[in-house]
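> Need coordinates for the following:
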Amino acid sequence: MAVECCGTSRIVGCRFSLYPMCDQFVEVILETLQEVDTSKVWMMTDDVSTCIRGRAEHVFDTAKAMFVLAASRGIHVVWNGTFSIGCPGDTQQDAYLEVDDVRLNEPKLADRPVTAAAQFALYPLGTADYMSVIYDQVEHCKELGTYTKGIHYATRLDGDARQVFKSLEESFARAQESGASHVVMTAAVSANSPSRKGQEAE
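Modelled structure (predicted):
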């Protein structure tokens, strides 16, 4: 099993869980998994989470589609996941890198408008100047129009789900391009919550 040196692997991985807040949560999860085109990523689902691996554009395309297609049903849905690139223990196995850059799920989402709220945290590892990398991505989210505010241990984003995931994807890519050898990003994305927008527990 060949192990890549830290920062040299172009494989992006994401481990996530989808939480539909309804009695039919099993059906929603299974039907969403069937509806999303996963042919350009390696994917494995167990009783806790789903792992997807491959080229960055296809990993984010798949993750976004999972959330949007489930949330477009009008039920409260939460997507919670961790993205990683450049992990020193990663390997070239279980990944589809020799594919084109056409995003297969994007056309399905055009007529599925979903308003989303997200909280994300970025961890540029292997660089001493990590805080400036994080601040740069916060500024980038402001330029994209999704930034709402900084909160404890995370940054809040709001807007159309596709634009929110674009902000996540570009922040992740830009952090890696800054020179960080290993980048990790955690994100929680919610739609159709009955709670007041932006409300936080006291």
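> Give the residue spans of the protein that score low on pLDDT.
Counting by pLDDT under 70, the chain shows low-confidence ranges at 1-9, 92-95, 196-202.
> where along it do the strands fall?
Using DSSP state E, the strands of the chain run over residues 12-20, 42-45, 50-54, 77-85, 115-125, 147-151, 154-160, 182-191.
> Reformat those as TSV; add distance to residue 109 and mean neighbour count.
Glycine gets a C-beta too; all of them are placed from N, C-alpha and C. As requested, those are arranged in TSV below (distance: least, Cβ to Cβ, whole Å; neighbours: other Cβ atoms under 10 Å):
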stretch	distance to residue 109	mean neighbour count
strand 12-20	16	21
strand 42-45	18	15
strand 50-54	17	22
strand 77-85	14	22
strand 115-125	12	20
strand 147-151	22	13
strand 154-160	10	19
strand 182-191	13	22
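> Of all those strands, which one comes closest to residue 105?
Closest to residue 105 of the strands of the chain is strand 50-54 (Cβ to Cβ; 11.9 Å).
> and the closest one, how far from the chain's centre?
Chain-centre distance of strand 50-54: 11 Å, with Cα atoms, centre = their mean, to the nearest Å.
> Which parts of this protein are helices?
For the chain, the helices defined by DSSP state H occupy 25-35, 56-71, 106-109, 130-144, 161-177.
> got CSV for those, with distance to residue 18 and mean neighbour count too?
Shown next, in CSV, are the helices of the chain (distance: least, Cβ to Cβ, whole Å; neighbours: other Cβ under 10 Å):
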stretch, distance to residue 18, mean neighbour count
helix 25-35, 6, 15
helix 56-71, 6, 25
helix 106-109, 16, 15
helix 130-144, 23, 15
helix 161-177, 13, 21
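> quick one, which of those helices is nearest to residue 120?
Closest of the helices of the chain to residue 120 is helix 161-177, at 5.9 Å (criterion: Cβ to Cβ).
> hey, C-alpha coordinates of that closest one in PDB?
Extracted in PDB, the C-alpha atoms of helix 161-177 (Å, rounded to 0.1, in the frame of the first residue of the first chain):
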ATOM      1  CA  ALA A 161     -27.200  26.400  -0.400                       C
ATOM      2  CA  ARG A 162     -25.200  26.300  -3.600                       C
ATOM      3  CA  GLN A 163     -23.500  29.500  -2.800                       C
ATOM      4  CA  VAL A 164     -22.800  28.400   0.800                       C
ATOM      5  CA  PHE A 165     -21.100  25.200  -0.500                       C
ATOM      6  CA  LYS A 166     -19.200  27.300  -3.100                       C
ATOM      7  CA  SER A 167     -17.900  29.400  -0.200                       C
ATOM      8  CA  LEU A 168     -16.800  26.200   1.700                       C
ATOM      9  CA  GLU A 169     -15.200  24.700  -1.400                       C
ATOM     10  CA  GLU A 170     -13.300  27.900  -2.300                       C
ATOM     11  CA  SER A 171     -12.200  28.500   1.200                       C
ATOM     12  CA  PHE A 172     -10.900  24.900   1.400                       C
ATOM     13  CA  ALA A 173      -9.100  25.200  -1.900                       C
ATOM     14  CA  ARG A 174      -7.600  28.600  -1.200                       C
ATOM     15  CA  ALA A 175      -6.300  27.400   2.200                       C
ATOM     16  CA  GLN A 176      -4.500  24.500   0.500                       C
ATOM     17  CA  GLU A 177      -3.100  26.700  -2.200                       C
END
